[in-house]
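Visitor: Output the structure for:
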Amino acid sequence: MVIVKKYGNRRLYDTEDSKYVTLAEIAAKIRAGASVRVLDAKTNEDLTAQLLTQIIFEDRDTARLLPVPLLLQLVRMGDDGLAEFFGRYVSWAMDAYLQARQNMSALPAIPSFAHAAFGAMNPFAAFMGGAPATSPADELAALRREVDELKKTVRKPPR
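Guide: Have a look, this model is predicted:
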């Protein structure tokens, strides 16, 4: 576990490497698999959640994932509403996404169908490195092709 101390001047000190680090360096460690805990240097208050949120939302590509009207509504909800929204819905959506992703990877016989169907219903595809968004017409055409292919392989010979 990497312990990072956050000082009042917003500087971050990695106690494992004994040096000041940037937000990007901490993000790189996390992406490499390290567990990080961030503590206020004076009070020892756990600031891990705040720093992780900062890493997510300060990434310049992340800003495009959430539309402005949604962000405005989240701000208007206040702390209680946000806690409920993130605690229930986002956790549920992430669990559902990971389970669907795992289930789809278990179906190698129909990868293009799974890819087309899953990409169409996956709100986190861009965030999680999934398929790029395609138009609904393209997705529908891909699904139709896959259904036709499945019909050919499933058809029973005449009796």
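Visitor: ok, now which ones touch Pro67?
Guide: Residues near Pro67 by CB atoms under 8 Å, 6 or more residues apart in numbering: none. Bear in mind the C-beta positions are built from the backbone N, C-alpha and C, glycine included.
Visitor: And it, how far from Leu74?
Guide: Distance of Pro67 to Leu74, computed by CB to CB, to the nearest Å: 11 Å.
Visitor: ok, and what's touching stretch 32-46?
Guide: 1-8, 12-13, 26, 29-30, 47-48, 50-51.
Visitor: Give me the buried entries from those.
Guide: Among the contacts of stretch 32-46, those classed as buried by 16 or more other CB atoms under 10 Å are Val2, Val4, Lys5, Lys6, Leu12, Tyr13, Ile26, Lys29, Leu47, Leu51.
Visitor: between those residues, which is closest to Asp79?
Guide: Proximity of those to Asp79 (CB to CB) peaks at Leu47, which lies at 16.8 Å.
Visitor: nearest spatial neighbour of the closest one, skipping sequence neighbours?
Guide: Val38 (4.5 Å; CB to CB, 6 or more residues apart in numbering).
Visitor: Is that neighbour located within a strand, as I assumed?
Guide: Yes. Read with DSSP: H, G, I helix; E, B strand; the rest coil, Val38 is one of the residues of a strand.
Visitor: can you pull up the bridge partners for it?
Guide: Counting by DSSP bridges, Val38 forms beta bridges with Val4.
Visitor: okay, now it: neighbour count?
Guide: Applying other CB atoms under 10 Å, we find 20 residues neighbouring Val38.
Visitor: From Leu82, how far out is it?
Guide: In this view, Val38 and Leu82 are 20 Å apart by CB to CB.
Visitor: Averaging pLDDT per element, find the lowest-scoring helix or strand in this structure.
Guide: One helix or strand of the chain scores below all others by mean pLDDT, DSSP states H and E: helix 111-121, with a mean of 52.
Visitor: right, and the helix or strand after that helix?
Guide: Going down the chain from helix 111-121, the next helix or strand is helix 136-154, by DSSP states H and E.
Visitor: for that next one, which positions count as buried?
Guide: In helix 136-154, counting by 16+ other CB under 10 Å, buried: Glu139, Ala142, Glu146.
Visitor: Can you add pLDDT and distance to Gln99 and give those back as CSV?
Guide: CSV is the format used below for the buried residues of helix 136-154 (pLDDT from 0 to 100; distance: CB to CB, whole Å):
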residue, pLDDT, distance to Gln99
Glu139, 76, 21
Ala142, 78, 23
Glu146, 79, 22
